[in-house]
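> Sharing a model prediction with you, sequence too.
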Amino acid sequence: MSVTAKDLAKKLHLSEAAVSMALNGKPGVSTATRKRVIETAQQMGYDFSRIGEPSLTLPVQGTITFIIYRRHGAVVSDTPFFSQLSEGIDSACRKLRYHLNICYLYENENTEKRIDEIIAAGCSGILLLGTEMSETEFAPFSRLKIPLVLLDCYFENLPVDCVLINNVQGACMATEYLIRTRHSQPGYLRSSYPIQNFEERADGFYKAIRAAGMSSSRSVVHRLSPSVEGAYGDMAELLQQGETVANCYFADNDLIAAGALRALKEKGYQIPKDVAIIGFDDMPLCSYMEPALSTVQVPKQYMGQMAAKRLSEIIEDPSSSPVKLEIRTSLVKRKSV
């Protein structure tokens, strides 16, 4: 026999009206009473999805604010990478019973004023996308008294929880794959925008080069804008100037790889016969390119889910020690190598 609101009221010595308000997340009962009703309902096997009683869903525990910091916007833009990251955060927040707010913060804004506004609006914790953020720009957040998890970024000297891609592992894996398949020293299509992710990918690239007994100084390196059109224009100009072309390349991201690939094809190079290219991120465009782009796959939704889960743990236990969660990547082999 199913458990009813009347059964819960009898068990807890409360009125049915009080139980109903607690279950529906409505005002009229204290936080302690609401918590007691929900915990007892769960213990007794109450069916929160039952039809026939109004809105019997678990009430939200609070609000999580996802702040997307943008400095120049060349990397953090409305790309599938960041939309999928947001989807992962949203799905985890729903499961954990937190309302999610998403907002942008730009480098020319008054950061401390914006933070005060966000907290004043009601915020249990912050997820901060720090892809384009420097340690100096993070400083106002380091002084906050509410739980915070940093996403896609890490500051060695600051005790802050973070969830990020294992960029060194991914870049090293991709470069090793090029060395094995092409039997020559890979070149590097490096971003002209110096953010931490790209610096770590450079570390991974050169780690593989050195491990293969090759000289880092002999790698052909082209610095390109981290967008399709920007990389295309930069690469086309380098080719026009007669720059040396490597047998194969690792690119800092898929957008750089796509732009460079287009410029090479227009110059008459056959991909991968003459030049092989591997990217990073596994954006949807990789499958539709000609040839399809080999790349490093990042579990974006999982990354977002883990960040939200970690934040909920800190909200529950603010005294917990900061942790660094690195998300491993995998290789996606297509036709460009």
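That came in fine, so what should we check first? Note that the structure is predicted; figures quoted are calculated from it, not measured.
> pLDDT weak spots in the protein?
Within the chain, the ranges that satisfy pLDDT under 70 run 1, 24-29, 48-59, 72-80.
> can you pull out the strands in it?
62-70, 98-106, 125-129, 148-151, 161-165, 187-191, 221-224, 248-251, 276-278, 295-297, 324-327, 330-332 (DSSP state E).
> any idea how far the residue nearest to the spatial centre of the chain lies from P226?
In the chain, the residue lying closest to the centroid (C-alpha atoms, centre = their mean) is L85, at 4.7 Å. The gap separating L85 from P226 is 17 Å, by C-beta to C-beta, to the nearest Å. Where you see a C-beta, it was placed from the backbone N, CA and C, and this is true even at glycine.
> cool, I146 as well?
32 Å.
> who's more crowded, those two?
A side-by-side neighbour count of I146 and P226, using other C-beta atoms under 10 Å, places P226 first with 25 against 15.
> how about the nearest residue to that one once chain neighbours are set aside, what does it touch?
Excluding its sequence neighbours, the residue lying closest to P226 (C-beta to C-beta, 6 or more residues apart in numbering) is S191, at 4.4 Å. Listed by C-beta atoms under 8 Å, 6 or more residues apart in numbering, the contact set of S191 reads 75, 198, 223-226, 252-253, 256.
> With I271 instead?
Taking C-beta under 8 Å, 6+ apart, one finds 261, 264-265, 277, 291, 336 in contact with I271.
> before we move on, back to that, just the closest of the contacts of S191 to S142, please.
V75 (22.2 Å; C-beta to C-beta).
> isn't T295 right up against C286?
Yes: assessed by C-beta atoms under 8 Å, T295 is found in contact with C286 at 5.2 Å.
> between the two, what contacts are shared?
With C-beta under 8 Å, 6+ apart as the test, T295 and C286 both reach 254, 279, 332, 334.
> farthest pair in those?
D254 and R334 (11.2 Å).
> of those two, who's got more company?
D254 (27 against 17).
> ok now do the closest residue in space to the more buried one that isn't next to it in sequence, which residues does it touch?
Ranked by C-beta to C-beta, 6+ apart and with sequence neighbours excluded, the top spatial neighbour of D254 is G279, at 3.8 Å. Residues counted as contacts of G279 (C-beta under 8 Å, 6+ apart) are 251, 253-254, 256-258, 286, 293-296.
> From V337, how far off is G279?
Counting by C-beta to C-beta, the gap from G279 to V337 is 10 Å.
> joint contacts of these two?
S294.
> phi, psi of the spatially closest residue to E135 that is not a sequence neighbour?
Spatial nearest neighbour of E135, excluding adjacent residues (C-beta to C-beta, 6+ apart): F155 at 4.9 Å. Phi and psi for F155, reported as degrees, to the nearest 10, are phi -120, psi 110.
> That's all I had, so thanks and see you.
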